[in-house]
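K.L.:
give me coordinates for this.
(chains A and B)
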Amino acid sequence: MAQITTLIKRELMSYFYSPVAYVFIKIFLLSTVGTPFFLGNFLNTKQASREIFFLFHPWLYLFLIPAIGMGLWAEERNTGTIELLFTLPISMIQAVVSKFLAGWIFIGIALLLTFPIILTVNYLGEPDNGVIFASYLGSFLMAGAYLVITCVTSALTRNQVISFILSVIVCFIMVLLGWGIFANIMNKMFPVWLTDIISTASFSTHFNSISRGIIDSRDLIFFLSIIGGGLIINALILETKKGS
Amino acid sequence: MIEVDRLTKNYGSLLAVDNISFQVNKGEILGFLGPNGAGKSTTMKMLSCFIHPTGGTARIGGKDILTDSISVRKILGYLPESAPSYKNMTVLEFLEFIAQTRGFSGQEKSDRVERIIDLTTLESARYQTIDTLSKGFRQRVGFAQALIHDPPVLILDEPTDGLDPNQKQEVRALIQRMAEEKAIILSTHILEEMEAVCTRAIIINQGKIVADGAPQTLLTHSRVFNAVTLKLPHRLEDATTQSLLKLENVNDVKTVAPSQTGEDYVVQVFPNKKQDILGQVKDLLNSNNIEISEIYREKGYMDEVFRHLTLGG
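P.N.:
Below is the predicted model:
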């Protein structure tokens, strides 16, 4: 455990040592808070509601989270530090989990910094703060699922750009699966039960369900098993590719 | 301390390391030599548990690299080729990070970091981020991280690469100081370094061990080992050459060239079966009153041995 903490600390420090952390947090805040105003017509809805704020998260994460995670393993492989890391007395699982957790904690920090918009809706009206909490939880879990996909693509290549593009594509598919238009197209091609199964694999379906304020164990299990499965795949890929 | 048992690694159809076995004991400094791509780094990466062997195994301090890799990594100090490190950290932060992952905390961690900074003379760079350091300093940082837990086994992949001659000398002295208590494997391209530092050398070519022995023993493979070189102010007369050839253990006499100064003639007398013939040659020249400006016995050349063993020439 002490080693995991040490590894997480180093990883988090490396975000804040470079301009990446500050640029990311600024863009994250501008886009998460900006989209409801500019795209969501926040002021004209005349509702003190978090709904529009969270509406855009699946789409924003599509670019922001691959940007945060693309270097996690690609950079280690590119600079050769992976050889240093895996000759220290730490296990593969410790290494994989701590990288992931560091990225997730960092996204958590960025997400927490969006609190002024919650203060604003509370000032303007009386929103349901329970639902807001659930939405934050859903958003954070969904971010973890995006991140684990990025971890996997990052382990596949030494090149951060390739890692970024691959993870955007995979995450885009995972969001699209639950989108209404996509479901309609699928309904014409496949039987309804198959379309339903496919759309339950979508990030946005589960995110929307949690952010309605109902924290259903099925949604939690969905995201946590995506994360767990992703970390195992991440470890397997590294085991075979670390030396090449 | 290190027992390598039929270690093999192939990358697809390429056989990088082919069934090699050797042992290294405490107090030995083993030099690992070979042309680029011979399998030196691959062997070291397998011993340090970074990559899995395709076949065979190794035991380090009695622990198996396949079944007990974490225990192996605990007692091993490893300096990877070109000394990778987290470049945005300062030297101090980086060494503290390594110490922590090796399980040290509190006062012991600080003591170890201080000791290693002192040992590798990194004091002046302590607060500098690693990416601002010169290559020599980076190499020392890599060396420091490998030594922080005072491991009984050290594996160093080109430890003096990129250092200036003074720094090379420092690192060699450091390795020799530590040698008594440790088993050390180091790879190098520099043959003089191997001769100066190592108690034993293994030459590896195309994944196979082609020579294993003390540097002095390897030198006996040299074509000129124990040949007697003469420098003469005058050309050696044919009669003298004939009488040299008649000596019991002399095999051949060759006029190498007039030396570079243009004043001396250089002649080499080769023995049969690499025996010591210096005394015989001296006596003969003395009794014939031949003026010589220099006479010595050749020790052999490591680069020639290396070429011979790795190119078959």
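K.L.:
please count neighbours and contacts with C-alpha atoms only from this point.
P.N.:
Noted.
K.L.:
just for the chain, where's the confidence low?
P.N.:
Defaulting to chain A. For chain A, the stretches flagged by pLDDT under 70 are A:39-50.
K.L.:
looking at chain B here, not the other one
P.N.:
Using pLDDT under 70, chain B drops low at B:258-263, B:313.
K.L.:
all helices of it, in order?
P.N.:
Under the criterion DSSP state H, helices of chain B are mapped to B:40-47, B:69-74, B:91-101, B:106-119, B:135-147, B:165-178, B:191-197, B:215-219, B:238-246, B:278-287, B:302-311.
K.L.:
go through those helices and name the closest to residue A:119.
P.N.:
Comparing these by their distance to residue A:119 (Cα to Cα), the top pick is helix B:91-101, with 38.5 Å.
K.L.:
can you name every helix or strand that that closest one contacts?
P.N.:
The contact analysis (3 or more Cα pairs under 8 Å, 6 or more residues apart in numbering or on different chains; DSSP states H and E) places helix B:91-101 against helix A:2-17, helix B:106-119, helix B:135-147.
K.L.:
which one of the helices of chain B lies nearest to residue A:1?
P.N.:
When these are compared (using Cα to Cα), the closest one is helix B:91-101, at 10.3 Å.
K.L.:
which residues are contacting that closest one?
P.N.:
Contact with helix B:91-101 is made by A:2-3, A:6-7, A:10, A:88-90, B:85-86, B:105, B:109-110, B:112-113, B:125-130, B:141, B:144-145, B:148-149, as judged by Cα atoms under 8 Å, 6 or more residues apart in numbering or on different chains.
K.L.:
cool, stretch A:8-20 as well?
P.N.:
Contacts of stretch A:8-20 (Cα under 8 Å, 6+ apart): A:21, A:22, A:98, A:99, A:101, A:102, A:103, A:106, B:88, B:89, B:97.
K.L.:
hmm, try it at 10 Å
P.N.:
Here stretch A:8-20 makes contact (Cα atoms under 10 Å, 6 or more residues apart in numbering or on different chains) with A:2-7, A:21-22, A:24, A:26, A:67-68, A:72, A:94-95, A:97-106, B:86-89, B:93-94, B:97.
K.L.:
now do the contacts for residue 180.
P.N.:
Reading this off chain A. Neighbours of residue A:180 in contact, by Cα under 10 Å, 6+ apart: A:186, A:199, A:205.
K.L.:
wait, chain B
P.N.:
Residue B:180 neighbours (Cα under 10 Å, 6+ apart): B:26, B:27, B:28, B:29.
K.L.:
so which of those residues sit within strands?
P.N.:
Within the contacts of residue B:180, residues falling in strands by DSSP state E are residue B:29.
K.L.:
in CSV: the contacts of residue B:180, plus neighbour count.
P.N.:
Shown next, in CSV, are the contacts of residue B:180 (neighbours: other Cα atoms under 10 Å in any protein chain shown):
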residue, neighbour count
B:26, 16
B:27, 17
B:28, 20
B:29, 25
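K.L.:
wait, residue A:199 sits on residue A:185?
P.N.:
No. Under the criterion of Cα atoms under 10 Å, residue A:199 is not in contact with residue A:185, lying 11.9 Å apart.
K.L.:
between those two, point out the one with more neighbours.
P.N.:
Between residue A:199 and residue A:185, counted using other Cα atoms under 10 Å in any protein chain shown, residue A:199 has the larger neighbour count: 23 against 11.
K.L.:
can you tell me, leaving aside adjacent residues, what's nearest to the more buried one?
P.N.:
residue A:178 (4.5 Å; Cα to Cα, 6 or more residues apart in numbering or on different chains).
K.L.:
wait, that neighbour sits on residue A:206?
P.N.:
Yes. Residue A:178 lies in contact with residue A:206 (Cα under 10 Å); the separation is 8.9 Å.
K.L.:
now do the shared contacts for those two.
P.N.:
A:199, A:200.
K.L.:
which stretch of helix or strand covers the residue nearest the centre of chain A?
P.N.:
Among the residues of chain A, the one closest to the centroid is residue A:143, at 2.0 Å (Cα atoms, centre = their mean). According to DSSP states H and E, residue A:143 maps onto helix A:129-156.
K.L.:
what's the next helix or strand after that helix packed up against?
P.N.:
Sequence order places helix A:160-176 as the next helix or strand after helix A:129-156, per DSSP H and E. The elements that helix A:160-176 packs onto, with contact taken as 3 or more Cα pairs under 10 Å, 6 or more residues apart in numbering or on different chains; DSSP states H and E, are helix A:57-69, helix A:71-79, helix A:129-156, helix A:192-200, helix A:203-211.
K.L.:
can you say which of those is nearest to residue B:248?
P.N.:
helix A:71-79 (61.8 Å).
K.L.:
what separates the closest one from the chain centre, distance-wise?
P.N.:
19 Å (Cα atoms, centre = their mean, to the nearest Å).
K.L.:
mind listing what's buried along it?
P.N.:
For helix A:71-79, the neighbour count (16 or more other Cα atoms under 10 Å in any protein chain shown) marks A:71, A:72, A:73, A:74, A:75, A:76, A:77 as buried.
K.L.:
could those go into JSON lines alongside distance to chain B?
P.N.:
Formatted as JSON lines, those follow (distance: Cα to the nearest Cα, whole Å):
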{"residue": "A:71", "distance to chain B": "13"}
{"residue": "A:72", "distance to chain B": "13"}
{"residue": "A:73", "distance to chain B": "13"}
{"residue": "A:74", "distance to chain B": "14"}
{"residue": "A:75", "distance to chain B": "10"}
{"residue": "A:76", "distance to chain B": "9"}
{"residue": "A:77", "distance to chain B": "10"}
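K.L.:
nearest spatial neighbour of the most centrally placed residue in chain B, skipping sequence neighbours?
P.N.:
Nearest to the mean C-alpha position of chain B, by Cα atoms, centre = their mean, lies residue B:194 at 2.9 Å. Leaving aside its sequence neighbours, residue B:194 sits nearest to residue B:31 (Cα to Cα, 6+ apart; 5.9 Å).
K.L.:
was I right about that neighbour contacting residue B:175?
P.N.:
No. Using Cα under 10 Å, residue B:31 makes no contact with residue B:175, being 11.8 Å away.
K.L.:
and for residue A:137, the neighbour number?
P.N.:
19.
K.L.:
show me what contacts it?
P.N.:
By Cα under 10 Å, 6+ apart, the neighbours of residue A:137 are A:108, A:131, A:143, A:207, A:210, A:211, A:213, A:215, A:220.
K.L.:
any idea how far residue A:128 is from the residue of chain B most remote from its centre?
P.N.:
Distance from the C-alpha centroid of chain B peaks at residue B:239, with 44.5 Å (Cα atoms, centre = their mean). Residue B:239 sits 115 Å away from residue A:128, going by Cα to Cα, to the nearest Å.
K.L.:
so which bits of chain A are right by chain B?
P.N.:
Residues of chain A lying close to chain B (Cα under 10 Å from any Cα of the partner chain) are A:2-7, A:9-10, A:13-15, A:17-18, A:76, A:79-91, A:239-244.
K.L.:
which of those residues are buried, as a PyMOL select command?
P.N.:
Here is the PyMOL selection string for the buried members of the residues of chain A next to chain B, based on 16+ other Cα under 10 Å:
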select buried, chain A and resi 3+4+5+6+7+10+14+15+76+80+81+82+83+84+85+86+87+88+89+90+239+242+243
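K.L.:
how about residue 230, nearest residue that isn't a chain neighbour?
P.N.:
Just going to use chain A. Nearest to residue A:230 is residue A:148, by Cα to Cα, 6+ apart, at 5.5 Å.
K.L.:
to clarify, I was referring to chain B.
P.N.:
residue B:295 (4.6 Å).
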